[in-house]
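S.K.: Mind looking at a prediction? Sequence and model below.
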Amino acid sequence: MIPGIGLLTHNRWAVPWDEVPIAAAADFRATVIAAVRAGARLVLFFGVPETGGLDTGRPDDSRSDARGQTRIVAVLADDASGRLGVLSMLAGESYPALTPDCPEAHGFEREIAEQCGVVPDGHPWLKPLRRHPPDHPPLGFRAGPYDRDAYPFARVDGAQVHEVAVGPVHAGIIEPGHFRFQAHGEQVLFLEIMLGYQHRGVERLLEQLPLERALAVAESIAGDSVIAHTESFCGALEALGRLQKGVHAQTVRGIALELERSANHLGDLGALAGDIAFAPAAAYCGRLRGECLNLLLELSGNRFGRGLIRPGGTGFDLPPDMAAAFRDRLERLSRDVEDVAELLFENESVRARFEGVGVISRADCIELGFVGPTARAADLTRDVRHDHPYGVFRFAQIPPATAWAGDVAARAQVRRLELRRSLEFLAEQLRHLPANQPPAPCGALQPNEFVVAMTEGWRGEVAHAVLTDGAGHIRRYKVKDPSFHNWPALALAMQGNQISDFPLCNKSFNLSYAGHDL
Amino acid sequence: MLKILLARLRQGRRTMAFPPRIPRHEVLPVRFRGRPVSTEAGGDRAVIDLGASLFSPEESAGGAGAVFGRDYAMAARTREGLRVGTGEVELARALERETRRLFGRSLRLRSVAAGSCNGCEAELVALGNIVFDLARFGVQFVASPRHADGLVVTGAVSRNMQEALAKTYDAMSDPRLVLAVGSCALSGGPFAGSPEVLGGVPPEIPVDLYVPGCPPHPLTLLDGLLRLLGRL
């Protein structure tokens, strides 16, 4: 259990906002750090501008010329018990940073500084994260002009140390990001990754747009994780709207999530093969990835599953004849996948290139809060489907796949195992698909409630937190893509490796720029 | 080596014929949402802008909006050409004769993602796989704008990418083509109205081909490209 956290809840369970305890700054800091040391994990850590009592219906007691306060909210997960703890504090212009004693807060605190204009005092690496003016400032916040180019890069000095800068426009068809290597010869001493090029203002749009348009934004947080993000979006709204979706819809949503995982794992195994010039596996995986996308196309009319996940159910059903056809196609696909995986993993030259490159240790994963296949490849079982199950995953468990070496080979191996288990899950679910029921109507959201909806996307834990105001409108929408946790893993994995191994290391994580940049 | 050859045999030939041997509207599954079709009521349907459409199922529900058909061919040479009332999209015309002579059989493209979700880029990458095999038409993505004849822009053009996009365009020599791909590049897509994006390719960068879709299906891209090159 999580010691000392006042309000306990779990995945997709809404709680009244006024029951979330407000601790004094010192107590808040000590409690969160103690919980993390005791094995809890920071799922979310973000700021909510206080509205001066408007949300509780009490008259505004803040002076109009004074700067308003920001509620800093920490959501901690205890993966062993499947519980979430929620704690908060009030901050003015600054608060004592947690990062020095809790490194996994590092990115979250930079985000709070950037979004809310609240300074985490004593943060060791306080730089812009996405490079935009505060979009969730406190009341009465006066911002100066914003300089998008002001980013202080770290630099290693010394004879023969040189700097290599790459991006934002890369050599292939890739999203934009900037990588700056401090290198000695070929050896990387330090890699700094500057992101934010894909920043589109997602959270503000989700707070301001009507449901139908917000849904389209949720589908576009990360284009290769449409299902995972829309699942969290709908999961949060369903909890706030007290919607109970039918068994058919739950199963179809689980099927779509595993199809998305299969497509991406296949694509990445192919891309890894491509990066070491093993052309046959690269070519076959590219085609097999497309087969998974084509099943989503058949189901939803879109190769990435847009239009499928909807509040209260699904936009499309999966009739029995389609399920039978899917089963046949997946059976052939599974055979081809095993064939290609064997070709890839049993080839000595492939293993020689994958093994020992880009190592992330289990201790790194715990200290810095890495999630998904990155953590599982370092023998750390973190999987929302297993630890915080929802929907169909409460009834049909998929055992988490792990490896221990933490290198490129281990991450590839975890992908292969997960792919196999997803395909087994799909075959099983399609065989016993429950009959379709009409979707539950989308009701009004409960006022002044808070919910966290987590989904295990193919990269790891996707978490959306939604807070409603007194009228049941969305007051704060917080999005976290697993890439937010895992980008530092790539920088860490590169230390001591050669620059020429960067593409391989990068692809073994294949993190989302769009999901990070929002 | 033997294993590799055996796998090659088992995997077989997977490249699809293009243009397909069956009518366009029969290629993709029935739920695919492509080029709008006239309804039986017909006629007085509101004008829909395919450049701003997200091709969501909700847009075709209710009857007042578009009724999406199965035809994947939708790319147009003008932005105006994507505003349709009767279901007729004016499909892309070929380039001028001289440009076609230069690029018709060999076109090098540079991709820039600027405030996208990575969906459009994923489909651009898919164009290169063995099913769609873009390279057989002499079209290739290259690593530098200096090597490119055309620029493919995806995304709503975020403020943080505005400068990099302009620099990439400036680095290309004339004659150069610009392809705007996906709803975001055409109109801002789902992000239209956000202060953090320009809402599509800015007017300083003149566009030669508009490819609608969220994201466009690889066949929509392939069809548009080959029409532009006068090969369809």
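M.R.: Structure's in. What do you need?
S.K.: by contact count, what packs against the helix or strand harbouring residue A:328?
M.R.: Assigned by DSSP states H and E, residue A:328 belongs to helix A:320-345. Using 3 or more Cβ pairs under 8 Å, 6 or more residues apart in numbering or on different chains; DSSP states H and E as the contact test, the elements touching helix A:320-345 are helix A:247-275, helix A:279-300, helix A:408-431, helix B:2-11. Where C-beta positions appear, they are placed from N, C-alpha and C, glycine not excepted.
S.K.: Hmm, residue B:119 and residue B:214 touching each other?
M.R.: Yes. Under the criterion of Cβ atoms under 8 Å, residue B:214 makes contact with residue B:119 at 7.3 Å.
S.K.: Touching both of the two, which residues are there?
M.R.: With contacts taken as Cβ atoms under 8 Å, 6 or more residues apart in numbering or on different chains, residue B:214 and residue B:119 have A:220, B:182 as neighbours in common.
S.K.: sorry, back to before: how far away from the center of its chain is the helix holding residue A:328?
M.R.: Centre-to-centre, helix A:320-345 and its host chain are 28 Å apart (Cα atoms, centre = their mean, to the nearest Å).
S.K.: Measure how it sits relative to helix B:2-11, angle-wise.
M.R.: Interaxial angle of helix A:320-345 relative to helix B:2-11 (axes from the mean of the first three to the mean of the last three Cα atoms, to 10 degrees): 160 degrees.
S.K.: anything in stretch A:458-471 near chain B?
M.R.: No. With Cβ under 8 Å from any Cβ of the partner chain as the criterion, chain B is not reached by stretch A:458-471; the gap is at least 11.9 Å.
S.K.: all helices for the stretch 51-200 of chain A, in order.
M.R.: Secondary structure of the stretch 51-200 of chain A by DSSP state H, counting those that start in this stretch: the helices cover A:106-116.
S.K.: closest point of it to chain B, which residue?
M.R.: Taking Cβ to the nearest Cβ as the measure, the stretch 51-200 of chain A has residue A:171 as its residue closest to chain B, at 3.8 Å.
S.K.: my guess is residue A:379 meets residue A:403, correct?
M.R.: Yes. Counting by Cβ under 8 Å, residue A:403 is a contact partner of residue A:379 at 7.1 Å.
S.K.: what about these two, which has more around it?
M.R.: residue A:403 (20 against 15; other Cβ atoms under 10 Å in any protein chain shown).
S.K.: Give me the residues contacting the longest strand belonging to chain B.
M.R.: Using DSSP state E, we find that the single longest strand of chain B is strand B:107-113. Residues outside strand B:107-113 that contact it (Cβ under 8 Å, 6+ apart): A:169, A:172-176, A:198, B:120-121, B:124, B:138-142, B:144-145, B:147-155, B:161, B:164-165, B:168, B:172, B:177, B:179, B:225, B:229.
S.K.: And the pLDDT at the spatially most distant residue from the centre of chain A?
M.R.: Relative to the centre of chain A, the most outlying C-alpha is that of residue A:159, 39.9 Å out, by Cα atoms, centre = their mean. If you check residue A:159, the pLDDT there is 89.
S.K.: what do you get for residue A:59?
M.R.: 45.
S.K.: just to revisit the earlier point, among the helices and strands packed on helix A:320-345, which is nearest residue B:56?
M.R.: helix A:279-300 (10.4 Å; Cβ to Cβ).
S.K.: tell me which strands and helices that closest one is in contact with?
M.R.: Using 3+ Cβ pairs under 8 Å, 6+ apart, helix A:279-300 sits against helix A:247-275, helix A:320-345, helix B:2-11, helix B:119-127.
S.K.: could you point out which element follows the helix-or-strand element of chain B with minimal mean pLDDT?
M.R.: Least confident helix or strand of chain B, by mean pLDDT, DSSP states H and E, is strand B:83-84 with a mean of 82. With elements assigned by DSSP H and E, the helix or strand that comes after strand B:83-84 is helix B:97-103.
S.K.: where's the residue in chain A positioned nearest to chain B relative to residue A:263, distance?
M.R.: Using Cβ to the nearest Cβ, residue A:223 is the residue of chain A that sits closest to chain B, at 2.7 Å. Applying Cβ to Cβ, to the nearest Å, the value for residue A:223 to residue A:263 is 12 Å.
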